[in-house]
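Visitor: Test case, fold it:
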Amino acid sequence: MEFHMSIKTKIAAAALAALAVTGSIVSTTSSAEAKQPGWVWGVGAGIATAAVVGSAIAASNDPYYYGYHRCGWVAQYNAFGQYVGRVRTCY
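Guide: As a prediction, this is how the structure comes out:
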């Protein structure tokens, strides 16, 4: 069974990985301060930009029913023709 990631899922995974790496680097290299660091505005702007770009990509994609994915439940039978259950298939 294969799992195909959409472009939105790939972008979200990359953003989450980048955020985790950035957080781990900053938490291990910075000293304790009582003020807000200057990079917070950059991270906030990056997340906001990623949200806007991701929304634009999602809005520009055609829905699945234009031939990209057609998923549904199909009856499954054994070798003797007896009904076994349903399985979800995408074609």
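Visitor: So residue 86: helix, strand or coil?
Guide: strand (DSSP: H, G, I helix; E, B strand; the rest coil).
Visitor: Tell me how many other residues crowd it.
Guide: Other residues near residue 86 come to 11 when the count uses other C-beta atoms under 10 Å. (Each C-beta comes from the backbone N, C-alpha and C, glycine too.)
Visitor: Skipping its backbone neighbours, what lies nearest it in space?
Guide: Nearest residue to residue 86 in three dimensions, chain neighbours excluded: residue 73, at 4.5 Å (C-beta to C-beta, 6 or more residues apart in numbering).
Visitor: Give the burial count for that neighbour, as a bare number.
Guide: What residue 73 shows, counting by other C-beta under 10 Å, is a neighbour count of 10.
Visitor: List phi and psi for it.
Guide: Per-residue torsions, residue 73: phi -100, psi 130 (degrees, to the nearest 10).
Visitor: Please apply the same query to residue 81.
Guide: With angles defined as degrees, to the nearest 10, residue 81 sits at phi 80, psi 10.
Visitor: wait, what's in contact with it?
Guide: Contact analysis of residue 81 by C-beta atoms under 8 Å, 6 or more residues apart in numbering lists nothing.
Visitor: Need the per-residue pLDDT for it.
Guide: pLDDT recorded at residue 81 is 89.
Visitor: before we move on, back to that, which residues touch the residue nearest to residue 86?
Guide: 86-89.
Visitor: At which residues are the helices of this structure located?
Guide: Assigned by DSSP state H, the helices in the chain fall at 7-29, 39-60.
Visitor: if we can go back for a sec, beta-bridge partners for the residue nearest to residue 86, please?
Guide: Assessed by DSSP bridges, residue 73 has beta-bridge partners residue 88.
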